[in-house]
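J.: structure, please.
(2 chains)
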There are 2 protein chains.
Amino acid sequence: MVEPETRPRGGIDLGGTKIQAIVADADHKVLGEARQPTPTTGGPQDVINALADVMRQACVGAGLNADELGGVGLGSPGDIDARQGTIAQAGNLPNWTGAVPVAEMLGAALGTSVAIGNDVSVATRAEFELGAGKPYGSLLGVFWGTGVGGGLILDGKEWEGRAAAGEIGHMVVKRGGALCPCGRHGCMEAYAGRKAMEVEARRRHDEGEHTDLFKIMKERGRDRLTSGVWERALKHGDQLAEHLFERAYLALGAGVASAINLLDVEAVVLGGGLGVRFGDAAAARLAEAMRPHLFNDDRPPAVAVAALGDYGGALGAAMLVGP
Amino acid sequence: MVEPETRPRGGIDLGGTKIQAIVADADHKVLGEARQPTPTTGGPQDVINALADVMRQACVGAGLNADELGGVGLGSPGDIDARQGTIAQAGNLPNWTGAVPVAEMLGAALGTSVAIGNDVSVATRAEFELGAGKPYGSLLGVFWGTGVGGGLILDGKEWEGRAAAGEIGHMVVKRGGALCPCGRHGCMEAYAGRKAMEVEARRRHDEGEHTDLFKIMKERGRDRLTSGVWERALKHGDQLAEHLFERAYLALGAGVASAINLLDVEAVVLGGGLGVRFGDAAAARLAEAMRPHLFNDDRPPAVAVAALGDYGGALGAAMLVGP
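T.: You can find the predicted model right below:
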């Protein structure tokens, strides 16, 4: 028999933009946290150095050393092999080629064991166990940010298919439609992902359409349209921003309703950078945009905003530490 | 302890067009079968009389009386309450209002117990247990006929959500697209369902487009475009028929690929009147139409034709008889 792990655990959410680390106790209480930007240059070793660094900072906040942790969980984008502890095809990370043995490398750096999981899956599990998904037995997590990721809990268990389930952002909402950053056409993410929305905003701006989006971006010292830039533009009634958000909601409505028609889960939990920033207003607008496409429109699923905010991914990652 | 049922079981597949009944032994071997058209006039009692009649005919083939059966399973469209034994909202059945206690009424007529399940779910289970889905642990059943129905087996178990999962025909493949018989726009079924295809064929024919579809229909003494009528027209190179089939495959490709992107199951089993009639050619064309939309296009799911043919629904219905 294996003793349950009672020591504090580390959790790291490796995003395309930032790395968020936490230390949590066995009751999932956050004892320390730290974050820093994800490296955009260098290679895998630089990313792993950054992961180790931010995890150590979170440990300082919790008043312990990394090697005193019961283990560290890492939620990552890309193609995860949990058993091998490798991450491949992480397109948003710098010069990432082949299957990088992240668990081994990060474990060596921190002096503890490291478990790896898909970023969206672990965030969905965290919301299911601790957050907005607690009242439900089955749910769809929709993480709306740079892209649109999906996580599934069916009858209390994560559904990962042959390891790659949850690509809700690449459900087709308009055959022959807009080009998606993935290279395909008509995906939900081609309309609703922040990256795709920025491409479209830039194209229209270059064509002479008026918008303050890029002015706000520069004023804020950003090099891309962050959630904060979009929010500011919307607050000022920027028409292009409003138009592209409406377009995003219509695509999200069709795609998420399609997923509900197929799966009939109890709830949708809306997270991600944009989902959390626009919160209840986004959840209400999504529910409205889903309605025309729901086959059982007299019994729509609940649509709730992710409740764990920025810590959701890292808390879910910490849950990877077993038993 | 309940003794396992060893007596022959009845299975009935209640379709919008025909009723298929079988008698099967405990090893799912078909001992007798019968079929007849589904009543298009009258009301629930007429449908139940027809169900009882065709079940009795199948019993004659098997050399027994209906009351000697270990029970009868019925796969039905509409809103099924398996526990109450009722069927509601069966739009394709004549004058069907409210929740009709079919299990009780049919059980009384046949002198045996009756269990009810969703037609697509039971057909999917039959393919999983006995047919094209046997090699796989998870699959999506796609039943392509008058409409497009879906059934899910995840980790060996049916997934029914809050009882209404599997409405794959109403996944949106083109936001703002064609009108679906369900009243919504852009559903996969609006392009691929035989009913919707007939509406579109008639519209174009009325507008002067050339097609032999309706001539063939009349020659065959039909009042609608059956799978056989479509097949004949396609064999003769009818351009409108070819165009509408191509349009159907593109919609099926986008919708089924979307379902795979979300669920990443091992296999797609293609059944239904059109799926079975066009068989391997349809499966190959579907796989091809899915490819541009598959997020993991290096690892497409298997696409197999339903192996139980016309008996699949009735065999699956017989499996409802427990234990």
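J.: any idea how far A:G147 is from chain B?
T.: 11 Å (C-beta to the nearest C-beta, to the nearest Å). C-beta here means a position set from N, CA and C on the backbone, and glycine is covered the same way.
J.: next, A:I116: secondary structure please.
T.: strand (DSSP: H, G, I helix; E, B strand; the rest coil).
J.: my guess is it meets A:G78, correct?
T.: No - with contacts counted by C-beta atoms under 8 Å, A:I116 stays clear of A:G78, the gap being 9.8 Å.
J.: who's in contact with the residue in the stretch 201-323 of chain A positioned nearest to chain B?
T.: Proximity of the stretch 201-323 of chain A to chain B (C-beta to the nearest C-beta) peaks at A:D264, 2.6 Å away. A:D264 makes contacts with A:N296, A:P301, B:E160, B:G161, B:R162, B:A163, B:A164, B:A165, B:G166, B:E167, as judged by C-beta atoms under 8 Å, 6 or more residues apart in numbering or on different chains.
J.: okay, it: pLDDT?
T.: As predicted, A:D264 sits at a pLDDT of 98.
J.: which residue, other than its chain neighbours, is closest to it?
T.: Closest residue to A:D264 apart from its sequence neighbours, by C-beta to C-beta, 6 or more residues apart in numbering or on different chains: B:G161 at 2.6 Å.
J.: can you check A:V102 too?
T.: Residue nearest to A:V102 in three dimensions, not counting chain neighbours: A:I87, with 5.0 Å by C-beta to C-beta, 6+ apart.
J.: looking at this, the one you found is in a helix?
T.: No - assessed with three-state DSSP, A:I87 is strand; it does not lie in a helix.
J.: spell out which parts of the stretch 201-323 of chain A neighbour chain B.
T.: Contact residues, the stretch 201-323 of chain A versus chain B (C-beta under 8 Å from any C-beta of the partner chain): A:250-251, A:254-255, A:257-259, A:261-266, A:292-293, A:295-296, A:299.
J.: the longest helix seen in chain A: how far from the chain's middle?
T.: The helix that spans the most residues within chain A, counting by DSSP state H, is helix A:239-263. Relative to the centre of its chain, helix A:239-263 is centred 17 Å away, using C-alpha atoms, centre = their mean, to the nearest Å.
J.: about what we covered before: hmm, which of the contacts of A:D264 are the buried ones?
T.: Among the contacts of A:D264, the ones that count as buried by 16 or more other C-beta atoms under 10 Å in any protein chain shown are A:N296, A:P301, B:E160, B:G161, B:A164, B:A165, B:G166, B:E167.
J.: so the first one touches B:G166, yeah?
T.: No - taking contact to mean C-beta under 8 Å, the distance of 11.4 Å between A:N296 and B:G166 leaves them out of contact.
J.: in chain A, where is pLDDT below threshold?
T.: A:1-2, A:323 (pLDDT under 70).
J.: quick one, helices of it?
T.: Counting by DSSP H, the helices of chain A are A:44-62, A:102-110, A:119-130, A:189-192, A:194-206, A:213-219, A:227-235, A:239-263, A:272-290, A:312-318.
J.: TSV for those, including mean neighbour count?
T.: Below are the helices of chain A laid out as TSV (neighbours: other C-beta atoms under 10 Å in any protein chain shown):
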stretch	mean neighbour count
helix A:44-62	20
helix A:102-110	20
helix A:119-130	26
helix A:189-192	28
helix A:194-206	18
helix A:213-219	17
helix A:227-235	18
helix A:239-263	24
helix A:272-290	19
helix A:312-318	32
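J.: could you dump the ones you listed to a markdown table with distance to B:A190?
T.: Below are the helices of chain A laid out as a markdown table (distance: least, C-beta to C-beta, whole Å):
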| stretch | distance to B:A190 |
| --- | --- |
| helix A:44-62 | 46 |
| helix A:102-110 | 45 |
| helix A:119-130 | 31 |
| helix A:189-192 | 20 |
| helix A:194-206 | 26 |
| helix A:213-219 | 36 |
| helix A:227-235 | 33 |
| helix A:239-263 | 13 |
| helix A:272-290 | 18 |
| helix A:312-318 | 37 |
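J.: chain B contacts on the stretch 1-150 of chain A?
T.: Going by C-beta under 8 Å from any C-beta, the residues of the stretch 1-150 of chain A near chain B are A:S138, A:G150.
J.: switch the cut-off to 10 Å
T.: Taking C-beta under 10 Å from any C-beta of the partner chain as the contact definition, the stretch 1-150 of chain A meets chain B at A:D79, A:G137, A:S138, A:L140, A:G150.
J.: circling back to that earlier point, which ones among the contacts of A:D264 map onto strands?
T.: Here DSSP state E is the test, and these give no hits in strands at all.
J.: for the stretch 101-250 of chain A, which residue gets nearest to chain B?
T.: Closest point on the stretch 101-250 of chain A to chain B, by C-beta to the nearest C-beta, is A:G161, at 2.6 Å.
J.: for that residue, what are its contacts?
T.: A:152, A:167, B:138, B:154-155, B:260-266, B:296, B:301 (C-beta atoms under 10 Å, 6 or more residues apart in numbering or on different chains).
J.: out of these, which is nearest to B:G42?
T.: B:L154 (39.1 Å; C-beta to C-beta).
J.: for the closest one, give me its contacts.
T.: A:152, A:154-155, A:157, A:159, A:161, A:165, A:263, B:137-140, B:263, B:265.
J.: same check on A:R204?
T.: Neighbours of A:R204 in contact, by C-beta under 10 Å, 6+ apart: A:H210, A:T211, A:L213, A:L240, A:H243, A:L244.
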